[in-house]
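Asks: Mind folding the following:
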Amino acid sequence: MTQASTTSKVWLITGASRGFGALIARDALLRGDRVVATARNPQTVIDALGEQPNLLALKLDVTSEADAQTAARQAVARFGRIDVLVNNAGYGLLGGVEEASADEVKKQFDTNVFGLLHVTRAVLPTLRTQGSGHVINISSIGGYASHQGWGIYCATKFAVEALTEALHAELAPLGIRASVVEPGFFRTDFLNADSVVSTANRIAQYADSVGVMRTMMAGANHKQPGDPAKLATAILKLADDANPPLRLALGSDTVARIQQKNQSVDAELQQWLAVSTSTDHDDVAA
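Replies: Presented below is the predicted three-dimensional model:
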């Protein structure tokens with residue numbers, strides 16, 4: 001890590017009525033930062049965090065571009081700037097790729113990808129005018145390594161990773177940072193029925209893959225290894241760092257999975273290297 005900034009910040013956090021979003025908002029407020037905390041129903045934010053002068057609770061359904069534009073304008077009108085955008089809103093779809101209907105896939109992408117884009121596009125003009133700011137996109141270990149039963153959800157998080165990687169390069173010359181956070185399994189309500197959606201269709205032949213994952217997830221709820229309060233602390237450290245990383249893995253399970261995938265990809269690359277390099281034109285120097 002590099003030297004941290006101690007300047008008070010203005011945060012805009014989506015999905016801030018519970019889970020990671022509420023915890024990040026709470027910790028930012030406790031240290032004196034100002035927070036724009038959004039949810040589809042802003043009263044749920046007040047219920048979670050209480051009424052306080054440094055908190056602005058706003059209605060924001062991330063699938064609505066108009067909502068995103070309005071929230072960004074209201075944030076600047078109240079606090080004068082935006083220093084940290086945390087794109088946290090999202091949910092999971094549990095089911096096989098074939099099992100997922102077109103409507104289920106569309107709703108997943110509308111929230112996890114297009115919703116993130118709506119909010120990011122709404123906030124970036126302010127950050128560009130300031131010549132500063134930090135976009136923090138909450139991904140998942142599923143954004144780095146996909147899993148059976150989570151293919152559609154992981155596809156949305158792979159998209160978040162790609163978007164953030166591009167933003168990191170595009171925004172750096174403007175003095176703006178972009179980071180993607182990859183949490184593993186944390187003890188939140190993510191696996192509750194109102195946070196994770198299962199596909200309506202279930203195909204018996206996937207019992208040994210997707211079915212195993214469904215059983216595993218049912219038994220894992222509120223037994224996950226990650227501590228959400230410690231994740232919130234890590235996000236504040238990330239936001240304070242003068243030279244934040246592009247990717248921040250959170251959780252020992254995430255670190256282990258990333259290392260496992262990197263080793264597997266490298267081994268496969270070496271195994272097929274001759275074929276991979278055989279497709280160049282003959283006039284390309286080796």
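
Asks: just checking, what packs against the host helix or strand of Val181?
Replies: Assigned by DSSP states H and E, Val181 belongs to strand 176-183. Applying 3 or more Cβ pairs under 8 Å, 6 or more residues apart in numbering; DSSP states H and E, we find strand 176-183 packed against helix 116-130, strand 133-138, helix 151-171, helix 228-240, strand 247-250, helix 252-271. Using the backbone N, CA and C atoms, a C-beta is placed for each residue, glycine as well.

Asks: Rounded mean pLDDT for the first one, please.
Replies: In this model, helix 116-130 has a mean pLDDT of 98.

Asks: Report all helices and strands that the strand or helix carrying Val212 contacts.
Replies: Counting by DSSP H and E, the element that carries Val212 is helix 212-220. Judged by 3+ Cβ pairs under 8 Å, 6+ apart, helix 212-220 is in contact with strand 92-94.

Asks: what comes into contact with the strand it packs on?
Replies: 100, 104-105, 108, 149-150, 152-153, 190-191, 195-199, 213-214, 217 (Cβ atoms under 8 Å, 6 or more residues apart in numbering).

Asks: What of stretch 74-81?
Replies: Here stretch 74-81 makes contact (Cβ under 8 Å, 6+ apart) with 10, 12, 34, 36, 56, 58, 82, 126, 130.

Asks: Point out where the stretch 1-150 of the chain drops to low pLDDT.
Replies: Low-confidence segments of the stretch 1-150 of the chain (pLDDT under 70): 1-6.

Asks: got the residue ranges for the strands in it?
Replies: Secondary structure of the stretch 1-150 of the chain (DSSP state E, counting those that start in this stretch): strands at 10-13, 34-39, 55-59, 84-87, 92-94, 133-138.

Asks: Could you tell me which strands sit next to the second one in the sheet, and their orientation?
Replies: Applying DSSP bridges, strand 34-39 is found paired with strand 10-13 (parallel), strand 55-59 (parallel).

Asks: Verify the stated contact: Gly175 with His134.
Replies: No. Shown here, Gly175 and His134 do not form a contact pair, counting by Cβ atoms under 8 Å, at 10.3 Å.

Asks: and those two? which has more neighbours close in?
Replies: Neighbours were counted for Gly175 and for His134 using other Cβ atoms under 10 Å; His134 has more, 23 against 12.

Asks: do you know how far the residue lying closest to that one once chain neighbours are set aside is from Thr7?
Replies: Among residues not flanking His134 along the chain, Arg177 sits closest, at 4.4 Å (Cβ to Cβ, 6 or more residues apart in numbering). Using Cβ to Cβ, to the nearest Å, Arg177 is found at 14 Å from Thr7.
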